[in-house]
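Asks: Fold the following for me, if possible:
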Amino acid sequence: MARIALAIAAPHSGMLGKPPETWLEDGLRDRRNPALWFRNEVWTYERLEAARRAEGLERFLTIEERRARHAACRRAIERLREAYAEAQPDVAIILGKDQREIFVGAMPAFAIHVGATIENGPPQRTNFAPDAPVTYPGAPDLAAHIVGSLQRDGFDLTCIDKTLPNAWLANTAIVPHAYGFIYHEIMMDRAPPSVPIYLNTFYPPNQPSIGRCVAFGKALARAISAWDSPAKVALIASGGVSHFVCDEPLDRTFLDAFARADLDALQRVDERTYQSGTSEVKLFVPIIVAMAELGCPMTLVDYVPCYRTEAGTGEGMAFMYWKP
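Replies: Numbers count the residues shown, from 1 in each chain. Predicted coordinates:
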């Protein structure tokens, strides 16, 4: 039977692929955003900056701070890359989300790529791209097995049999950026056969609840263990903790729950917290479930809060892996 040889949880923020000298440019977008989600409510930029002024967040915006935090993130990515190379997986399952890149006018709660190929390449919104178009192998046999197993457990999935046009990228057939980060930054564009799985954490009204993500993780772990193959599987989540407003106390709550595999603690967090970018925590949940059932401890490589405005907009970057 197949076995999980490695699990990784990583961010895919565009800030990771940009020089720290440009981070404040991203903050210009935040200043124009009328709906910044923070502490269970929506804020304008002006109101949020006024509310957080006493925190003195401007001290994190110096070029020295930005360079130091960028360097820490790059070191963490390198460690995840090393852990992946050490595991030498035969196949990978990648959990991520689509940000209206390929799903335009429709947004399934759960979807899975069942095709034999996966396309990537330039152009890209971020720097997480190979220099030229590249085709990675899919894993249609594993994907078909996962679909059948999840159906028996009460999950219905939308199936994707080829890479869809990407609305962000001139409708070129390119995988969404959550997956492009993993293929390029972790796998170095030398991807084994893989199965991208999509969870709509971001867009109401059909976001899976945190409890549903726990159930999905248990069902996915059963599917992997029941796959009649000697393959070593890498289970990878491409998501993030707090963003687009960075909330360090909340991130510490998440990281503590991740380390203890405390699913009850994650489910006690108000469902309103899992909105906007912070909803990507739900992508990490199936990893935590699967590795807890195997008794594998989490290794926190690093947690780096990265800021781009005085209001605290930016992203909490958490880099983790699990090994049996």
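Asks: rest of the way, CA atoms for contacts and neighbours
Replies: Fine.
Asks: ranges for the strands of the stretch 201-324 of the chain?
Replies: 232-239, 243-245, 298-307, 313-322 (DSSP state E, counting those that start in this stretch).
Asks: Among those strands, single out whichever gets nearest to residue 41.
Replies: strand 243-245 (11.5 Å; C-alpha to C-alpha).
Asks: strand partners of that closest one, parallel vs antiparallel please.
Replies: strand 313-322 (antiparallel) (DSSP bridges).
Asks: now the strands of the stretch 201-324 of the chain as TSV including mean pLDDT and mean neighbour count?
Replies: Listed next are the strands of the stretch 201-324 of the chain as TSV, based on pLDDT from 0 to 100; neighbours: other C-alpha atoms under 10 Å:
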stretch	mean pLDDT	mean neighbour count
strand 232-239	98	25
strand 243-245	97	24
strand 298-307	98	20
strand 313-322	98	24
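Asks: Rebuild the ones you listed as a markdown table, extending it with distance to residue 120.
Replies: A markdown table is the format used below for the strands of the stretch 201-324 of the chain (distance: least, C-alpha to C-alpha, whole Å):
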| stretch | distance to residue 120 |
| --- | --- |
| strand 232-239 | 16 |
| strand 243-245 | 26 |
| strand 298-307 | 27 |
| strand 313-322 | 23 |
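Asks: Quick one: closest of the ones you listed to residue 63.
Replies: For the strands of the stretch 201-324 of the chain, proximity to residue 63 was assessed by C-alpha to C-alpha; strand 298-307 is nearest, at 11.2 Å.
Asks: The closest one relative to strand 313-322, how many degrees between them?
Replies: 170 degrees (axes from the mean of the first three to the mean of the last three C-alpha atoms, to 10 degrees).
Asks: Do a quick rundown of the helices in the stretch 1-150 of the chain.
Replies: 23-31, 45-51, 63-87, 140-152 (DSSP state H, counting those that start in this stretch).
Asks: For these, give me TSV that also has mean neighbour count.
Replies: As requested, the helices of the stretch 1-150 of the chain are exported to TSV (neighbours: other C-alpha atoms under 10 Å):
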stretch	mean neighbour count
helix 23-31	16
helix 45-51	15
helix 63-87	17
helix 140-152	18
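Asks: Let me know which of these is the nearest to residue 276.
Replies: Comparing these under C-alpha to C-alpha, the one sitting nearest is helix 23-31, at 13.0 Å.
Asks: Dump that closest one to CSV, restricted to CA.
Replies: The C-alpha trace of helix 23-31 is given here as CSV (Å, rounded to 0.1, in the frame of the first residue of the first chain):
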residue,chain,number,x,y,z
TRP,A,23,7.1,45.2,-0.7
LEU,A,24,5.8,48.7,0.0
GLU,A,25,4.5,48.8,-3.5
ASP,A,26,2.2,45.9,-2.6
GLY,A,27,1.0,48.1,0.2
LEU,A,28,-0.4,50.6,-2.2
ARG,A,29,-2.9,48.0,-3.2
ASP,A,30,-3.9,47.5,0.4
ARG,A,31,-4.4,51.2,0.9
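Asks: by contact count, what packs against it?
Replies: helix 45-51, strand 313-322 (3 or more C-alpha pairs under 8 Å, 6 or more residues apart in numbering; DSSP states H and E).
Asks: of all the strands of the stretch 201-324 of the chain, which lies closest to residue 269?
Replies: Going by C-alpha to C-alpha, the one of the strands of the stretch 201-324 of the chain nearest residue 269 is strand 243-245, 16.0 Å.
Asks: starting at the chain centroid, how far to that closest one?
Replies: Remark: strand 243-245 is offset 14 Å from the chain centroid, using C-alpha atoms, centre = their mean, to the nearest Å.
Asks: before we move on, what about stretch 125-132?
Replies: The chain centroid and the centroid of stretch 125-132 are separated by 17 Å under C-alpha atoms, centre = their mean.
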